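Novice: Next input, structure requested:
(one chain, ligands or ions: 1)
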Amino acid sequence: MASEQRTLVFNVFSSHPVLAAVVLILTVLLAPTSYKGFSGPTSTLPGTFISRWTDLSVRVRTLLGTRAQYVHRLHSTYGPVVRLGPNDVDISDVDAAREIHRVRDPFLTSEFYGVGLRVTSLFSTRDPHFHAQRRRLIGPYFTEASLTAFEDKVSGLVQATVDGIVKEARKTGCADILKWWTLMAMDVIADLTFGESFGMVEKGEKTQFADDVGMLGSILPLRTAFTIIFALGPYLPFVPFFHNIAVARERVFTVQQKRYARFMELVQADDGAKSKSIFGALVKKSGESELTPMDLIVEAQSFITAGTDTTAVTLTYLIWAVCRDEEIKLRLLRELESLPAGFKSSDVKALPYLNNVIGEALRCYGAAPGSLPRVVPPAGATLAGHTIPGDAIVSTQSYSLHRDESIFADPEKYISSFMHAGCCFADCG
Ligand code: HEM
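Specialist: Purely as a prediction, here's the structure:
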């Protein structure tokens, strides 16, 4: 039988020399890749057969918005360590996650963070020294004690947002709460950076700036899955897709530049802008600061990018999760009724069920559920019992960590997923 097959192949190739040449060339070209798939550094790790050669399955899921669920399914099949591509590994193990995300190296953030950016920020930098220095400057203003100084200002915007939601619901029978939380988050961050909000909550509608930020955020999956496409952007400015992105970026930058100029006028006029915002505390009246004007503009924008959708999406899911369950809603309302008139954040902080509701919204519907990629140090690492090669990209995703069945008895269930052992926010009374 084998000799018959050999004869058949010989006959086909001898009567089709071009086909034979193509097969030969492909074999020579693909042999090293094929060999690497079976003997490469991640080849011994659990994962799909195809992931030995390509991470295309994950990239496609990134584009479809189902990456976290796909990687979670892979963990259910292959265990806590799973190969996603020849150089990509995802780990769902609490101890390994602690090791990978230690603030002090050695797992540095991957290239994913700086994709398409010309100026780095606290959020996007891959340089640990830059990160440490920026954290030293900005970090102290994000402590609970420092943020309390802005409590009245933030409370005012939150109250105006809730009033807007109620008004819209009374008028139309429903309210677009994702829109309202987006307006609120963006206005609060704008106010805490350059001392003035965008006034969107007051008007109840988005500005061009908010639409531009939303559009730039919506292309993130494409940008992270197929970076190469965006490398072409500067060479193809006439293609509408790239043109619209360039125009939106320019508009966003111009808005922040104008806001910076206005902020500096306020600081120099010493009208209290210094104490009214986080950046006000960073800049001296003379305009001197350890941060350049460009640094401040880029940080202000990165806070908006990192903090708007995350906050708005989390709040939207929280409201949805509470409103669809009468028992949870009534219990929460009963607890909220115990608050004194004119309550402060310190009163709210002490409410166990409210904290439970918030913690569970972050656990079940967290707005950053996907991979946080890091580069394995050159010497390699042993994580969750597996040897991970140096320079591989190792990610963790909260979507899976938050659904760990060894920790949560009923991981998909909002609120009533008690921990197996010890205490957690989900079992407080
Ligand atoms: C519910 C809301 C939020 C969620 C779920 C969230 C999630 C995250 C996550 C998962 C990271 C880590 C990224 C990584 O290490 O790869 C992160 C970092 C960061 N977030 Fe948020 N975030 C939220 C709100 C905000 C807000 C409101 C701001 C700004 C005002 C903000 C600014 C930042 C910054 C600057 C970093 C980088 C910190 C550093 O590297 O030291 N985030 N966030």
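
Novice: Give me every residue in this structure lying close to the ligand.
Specialist: 122-123, 135, 189, 303, 306-307, 310-311, 314, 366-368, 372 (C-beta under 6 Å from any ligand atom). From N, CA and C alone the C-beta is placed, and that goes for glycine too.

Novice: Narrow those residues to those in helices?
Specialist: In helices, defined here by DSSP state H, the members of these are 135, 189, 303, 306-307, 310-311, 314.

Novice: which pair in the residues you listed spans the largest distance?
Specialist: Arg135 and Thr314 (23.2 Å; C-beta to C-beta).

Novice: Looking at these two, which one has more neighbours?
Specialist: Taking other C-beta atoms under 10 Å, Arg135 and Thr314 do not tie; Thr314 has more neighbours (19 against 13).

Novice: Surely that one is in contact with Tyr365?
Specialist: Yes: with contact defined as C-beta atoms under 8 Å, Thr314 reaches Tyr365; the gap is 7.0 Å.

Novice: Closest residue of this protein to the ligand?
Specialist: Shortest the chain-to-the ligand distance, computed as C-beta to the nearest ligand atom: residue-wise this is Gly307, at 2.7 Å.

Novice: tally of neighbours for that residue?
Specialist: 16.

Novice: And the pLDDT for the most centrally placed residue in the chain?
Specialist: The centroid of the chain falls nearest to Ala368 when counting by C-alpha atoms, centre = their mean (4.3 Å). We have a pLDDT of 93 for Ala368.

Novice: That one and Asp309 touch, don't they?
Specialist: No: under the criterion of C-beta under 8 Å, Ala368 lies out of contact with Asp309, with a separation of 9.5 Å.

Novice: Where does pLDDT dip in the stretch 251-400 of the chain?
Specialist: Within the stretch 251-400 of the chain, the ranges that satisfy pLDDT under 70 run 274-275, 285-287.

Novice: Contacts only, for the residue nearest to the centre of the chain.
Specialist: 310, 398 (C-beta atoms under 8 Å, 6 or more residues apart in numbering).

Novice: Quick check: the gap between it and Asp391.
Specialist: Using C-beta to C-beta, to the nearest Å, one obtains 25 Å as the distance from Ala368 to Asp391.

Novice: And Phe107, by the same measure?
Specialist: Distance of Phe107 to Asp391, computed by C-beta to C-beta: 11 Å.

Novice: same thing with Ile319?
Specialist: Relative to Asp391, Ile319 is positioned 43 Å away (C-beta to C-beta).

Novice: what about the two, which has more around it?
Specialist: Ile319 (16 against 12).

Novice: what secondary structure does that one sit in?
Specialist: helix (DSSP: H, G, I helix; E, B strand; the rest coil).

Novice: Over to Val394?
Specialist: Val394 - assigned by three-state DSSP - is strand.

Novice: neighbours of it, just the number please.
Specialist: Neighbour number of Val394 under other C-beta under 10 Å is 26.

Novice: That one and Ala384 touch, don't they?
Specialist: No: counting by C-beta under 8 Å, Val394 stays clear of Ala384, with 10.3 Å between them.

Novice: overlap in contacts of those two?
Specialist: Ile91.

Novice: do you know how far the residue nearest to the centre of the chain is from Leu183?
Specialist: On the measure of C-beta to C-beta, Ala368 and Leu183 end up 21 Å apart.

Novice: which stretch of helix or strand covers the closest residue to Leu336 other than its chain neighbours?
Specialist: Computed as C-beta to C-beta, 6 or more residues apart in numbering, the closest residue to Leu336 that is not its neighbour in sequence is Leu354, at 7.0 Å. In the assignment (DSSP states H and E), Leu354 maps to helix 352-365.

Novice: And Leu19, by the same measure?
Specialist: Here Leu19 is assigned to helix 17-39, by DSSP H and E.

Novice: buried sites along that helix?
Specialist: Within helix 17-39, the residues scored as buried using 16 or more other C-beta atoms under 10 Å are Gly37.

Novice: I'd like the next helix or strand past it.
Specialist: helix 56-64.

Novice: ok, Gly370 - contacts?
Specialist: Here Gly370 is in contact with 62, 67-68, 71, 397, 399 (C-beta under 8 Å, 6+ apart).

Novice: Could I have the CA atoms of stretch 391-404 written out in CSV?
Specialist: C-alpha atoms of stretch 391-404 as CSV (Å, rounded to 0.1, in the frame of the first residue of the first chain):
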residue,chain,number,x,y,z
ASP,A,391,11.3,36.8,26.6
ALA,A,392,7.9,35.0,26.2
ILE,A,393,4.9,37.2,26.8
VAL,A,394,3.0,36.0,29.8
SER,A,395,-0.5,37.4,30.6
THR,A,396,-3.0,37.1,33.3
GLN,A,397,-6.7,38.0,32.9
SER,A,398,-9.0,39.0,35.7
TYR,A,399,-11.9,37.4,33.9
SER,A,400,-10.4,33.9,34.7
LEU,A,401,-8.8,34.8,38.1
HIS,A,402,-12.2,36.2,39.2
ARG,A,403,-13.9,32.9,38.3
ASP,A,404,-11.4,30.6,40.0
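
Novice: outside of it, which residues touch it?
Specialist: For stretch 391-404, using C-beta under 8 Å, 6+ apart, the contacting residues are 41-42, 68-69, 71-72, 75, 84, 87-92, 94, 96-97, 100-101, 107, 110, 363-364, 366, 368-376, 378, 381, 383, 388, 408, 411-412.

Novice: again, only this time at 7 Å
Specialist: Here stretch 391-404 makes contact (C-beta atoms under 7 Å, 6 or more residues apart in numbering) with 41-42, 68, 71-72, 75, 87-92, 94, 97, 100, 110, 363, 366, 368-376, 378, 383, 388, 411.

Novice: And the helices in the stretch 51-200 of the chain?
Specialist: 56-64, 67-78, 94-100, 128-138, 144-148, 151-172, 177-194, 200-203 (DSSP state H, counting those that start in this stretch).

Novice: Please pull up the helix or strand immediately following the last one.
Specialist: Just to be clear, that refers to helix 200-203. helix 208-218.

Novice: Quick check: which helices or strands does that following helix pack against?
Specialist: helix 240-269, helix 293-323 (3 or more C-beta pairs under 7 Å, 6 or more residues apart in numbering; DSSP states H and E).

Novice: Give me the buried positions along it.
Specialist: Buried residues in helix 208-218 (16+ other C-beta under 10 Å): 209-210, 212-213, 216.

Novice: Residue ranges of each domain in this structure, please.
Specialist: Residue ranges for each domain of the chain read 39-110+373-396, 113-324, as given by automatic domain parsing.
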